[in-house]
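S.K.: can't give you the sequence, but here's the structure:
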């Protein structure tokens, strides 16, 4: 059902990932110049130094999967599988963050912002949602076993 606790976990996870479009992930100091790392890429002032299209695609895919899972509440096993895949994608997104932050600069001094941790928090919330979906599945199967 849509009013279960796992839906709240999924909505909070989706909102956290949506906030990544608004806030910078890190400030990078390299060669005495300040760069700002956002989802759209790495910027030096208003000039874009690196394009963040792969990160944007990953993030949009993950958000769409979260929304899809919220409305698949009648198919609990499918929900758990998609959320497991989403957790793998979130780990890949976090890896992309590090790749983009460290790849183009020599000896960068990186100051990570709080939104940098949002994918990890989303992974934890996805795990909690999977656990609660599993509990619902066990409950439904036990009730079906009692019927003649």
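M.R.: It's in. In this text the structure is predicted, and so the values were computed from the model without any measurement.

S.K.: From here on, just use CA atoms for contacts and neighbour counts.
M.R.: Fine.

S.K.: The nearest residue in space to residue 109 that is not next to it in sequence: neighbour count?
M.R.: Sequence neighbours aside, residue 29 is the residue nearest to residue 109 in space, at 5.0 Å (criterion: C-alpha to C-alpha, 6 or more residues apart in numbering). By other C-alpha atoms under 10 Å, the residues close to residue 29 number 16.

S.K.: Over to residue 29: give its phi and psi.
M.R.: phi -110, psi 110 (degrees, to the nearest 10).

S.K.: Wait, it touches residue 106, no?
M.R.: No - Residue 29 is not in contact with residue 106 according to C-alpha atoms under 8 Å; the separation is 10.1 Å.

S.K.: what's the distance between residue 41 and residue 53?
M.R.: In this view, residue 41 and residue 53 are 7 Å apart by C-alpha to C-alpha, to the nearest Å.

S.K.: who's more crowded, the two?
M.R.: A count of neighbours by other C-alpha under 10 Å puts residue 41 above the other of residue 41 and residue 53, at 19 against 12.

S.K.: Nearest residue to that one in space, please, no chain neighbours.
M.R.: Closest to residue 41 by C-alpha to C-alpha, 6+ apart is residue 52, at 3.8 Å.

S.K.: Identify the residues contacting the one you found.
M.R.: By C-alpha atoms under 8 Å, 6 or more residues apart in numbering, residue 52 lies in contact with 38-42.

S.K.: Just give me the residue right at the centre of the protein.
M.R.: Among the residues of the chain, the one closest to the centroid is residue 119, at 4.1 Å (C-alpha atoms, centre = their mean).

S.K.: from what I can see that residue touches residue 96, true?
M.R.: No - counting by C-alpha under 8 Å, residue 96 is not a contact partner of residue 119; they are 11.2 Å apart.

S.K.: so where is this structure shaky, pLDDT-wise?
M.R.: 1-2, 145-148 (pLDDT under 70).

S.K.: can you give me the strands in it?
M.R.: Assigned by DSSP state E, the chain shows strands spanning 26-30, 33-38, 41-44, 47-51, 109-112.

S.K.: what comes up buried for the fourth one?
M.R.: If I follow you right, that is strand 47-51. Within strand 47-51, no residue counts as buried by 16 or more other C-alpha atoms under 10 Å.

S.K.: now the third one
M.R.: Across strand 41-44, burial judged by 16+ other C-alpha under 10 Å covers 41-43.
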